[in-house]
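*Asks:* sequence? don't have it. structure:
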């Protein structure tokens with residue numbers, strides 16, 4: 001039996017926390033025994049037909065781009081640009097979620113896909129960059145809120161070139 005071939009993904013990105021449903025289109029999907037995202041088994045998968053599989057992305061440690069691989073008795077699908085899936089960081093909470101326009105509030109941001117270490121994960125409050133960030137894990141970073149005009153902004157995390165999608169109201173910070 002020939003190894004599977006992936007030609008298209010219905011979703012090319014999802015949160016690092018996992019849970020994205022992806023329809024994989026290709027060929028040789030009869031008898032598929034495994035679907036993986038960057039070497040980690042899919043949370044679940046269903047072979048819909050010899051040319052279609054629906055799989056759910058597992059959690060990833062940090063934001064990154066991985067190859068989705070489908071395996072049958074003939075082997076694993078070869079890596080190509082058509083099987084790339086991007087895990088993006090996700091902001092799931094901002095504590096506290098308000099502060100003064102002068103900035104200076106110590107804020108802990110929780111989520112998924114952050115990169116521990118100095119300078120690996122960047123944050124913006126609206127369009128204003130945060131200068132001092134400490135990420136102690138892939139799910140928590142502490143920072144000082146920058147000065148900003150009054151109003152509500154989204155807190156966006158960036159790892160590499162991958163940025164968190166707007167996740168209102170969980171990612172919002174209110175300036176007054």
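*Replies:* Happy to help now that I have it. Since the model is a prediction, treat every value here as computed from it, not as a measurement.
*Asks:* distance of residue 56 from residue 93?
*Replies:* Note on residue 56: its distance to residue 93, by C-beta to C-beta, to the nearest Å, is 23 Å. For glycine as for every other residue, the C-beta is placed from the backbone atoms N, C-alpha and C.
*Asks:* let me fix that, I meant to ask about residue 39.
*Replies:* 29 Å.
*Asks:* what about the two, which has more around it?
*Replies:* residue 93 (15 against 8; other C-beta atoms under 10 Å).
*Asks:* residue 69 reaches residue 80, doesn't it?
*Replies:* No: Residue 69 is beyond contact range of residue 80, at 10.6 Å (criterion: C-beta atoms under 8 Å).
*Asks:* the two: which is more packed in?
*Replies:* residue 69 (21 against 11).
*Asks:* got a pLDDT number for the most centrally placed residue in the chain?
*Replies:* The residue lying closest to the centre of the chain (C-alpha atoms, centre = their mean) is residue 88, at 2.5 Å. At residue 88, the model reports a pLDDT of 96.
*Asks:* kindly report the same for the one 10 residues further on.
*Replies:* Listed pLDDT for residue 98 reads 98.
*Asks:* what does the one 5 residues further on give?
*Replies:* Model confidence at residue 103, given as pLDDT, is 97.
*Asks:* tell me which helix or strand it sits in.
*Replies:* Residue 103 is part of no helix or strand, with elements assigned from DSSP states H and E.
*Asks:* same check on residue 174?
*Replies:* strand 172-175.
*Asks:* mind listing what's buried along that strand?
*Replies:* 172, 173, 175 (16 or more other C-beta atoms under 10 Å).
*Asks:* quick one: average pLDDT of it?
*Replies:* Mean pLDDT, strand 172-175: 98.
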